[in-house]
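Trainee: Structure for this input, please:
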Amino acid sequence: MGLAIATATVTISASAAPLSYNSILGSWCGQNSNPNLTNYLFARDTLTVTFFPAKTKSVLKIDHYDFSDSAIVLYWLAASPDQGGTSGNTLVQVTFGNFSSDDQTMQQQPNDEAGLYRFKRC
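Mentor: Residues are numbered from 1 along each chain as shown. Reported below is the predicted structural model:
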């Protein structure tokens with residue numbers, strides 16, 4: 001999958017207040033410097049990923065979020081190789097950190113699959 005969503009364990013300091021749903025829910029536009037240009041739409045139970053330039057979309061089922069003072073870890077259900085589609089029963093995590101104090105920018109932390117991805121609110 002062209003997503004940079006995979007296991008990540010990096011935690012980066014950012015804001016003083018604990019992060020929450022308000023910090024991440026909504027639309028986020030990827031920056032052109034990202035290895036793969038994508039936009040994200042976070043809801044409590046789904047993550048919609050739009051891939052550019054074709055504007056194709058994948059909708060991922062979110063299992064849960066973990067919140068701390070400096071990072072949000074999103075757990076989503078990926079399809080195993082023998083399943084078709086974008087959702088399945090394999091729990092995968094991705095970490096978002098470096099939230100600005102106004103929650104207008106963030107970074108998806110690097111992992112084994114991809115480098116650092118930068119996002120701003122759309």
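
Trainee: contacts, neighbours, all on C-alpha from now
Mentor: OK.

Trainee: Just to check, Ser58 is in contact with Val49?
Mentor: Yes. Taking Cα atoms under 8 Å as the definition, Ser58 is a contact partner of Val49 at 5.2 Å.

Trainee: Which one of the two is surrounded by more residues?
Mentor: Val49 (19 against 16; other Cα atoms under 10 Å).

Trainee: how about that one, what does it touch?
Mentor: Counting by Cα atoms under 8 Å, 6 or more residues apart in numbering, Val49 touches 38-41, 57-60.

Trainee: From those residues, list the buried ones, please.
Mentor: Buried members of the contacts of Val49, scored by 16 or more other Cα atoms under 10 Å, are 38-41, 58, 60.

Trainee: any chance of the residues you listed in CSV, plus distance to Met106 and secondary structure?
Mentor: Output for those, formatted as CSV (distance: Cα to Cα, whole Å; DSSP: H, G, I helix; E, B strand; the rest coil):
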residue, distance to Met106, secondary structure
Thr38, 14, strand
Asn39, 13, strand
Tyr40, 12, strand
Leu41, 14, strand
Ser58, 21, strand
Leu60, 20, strand
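
Trainee: Reformat the residues you listed as TSV; add distance to Pro18 and pLDDT.
Mentor: Listed next are those as TSV, based on distance: Cα to Cα, whole Å; pLDDT from 0 to 100:
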residue	distance to Pro18	pLDDT
Thr38	26	94
Asn39	24	96
Tyr40	22	97
Leu41	21	98
Ser58	29	91
Leu60	25	92
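
Trainee: That concludes my questions; thank you for your assistance.
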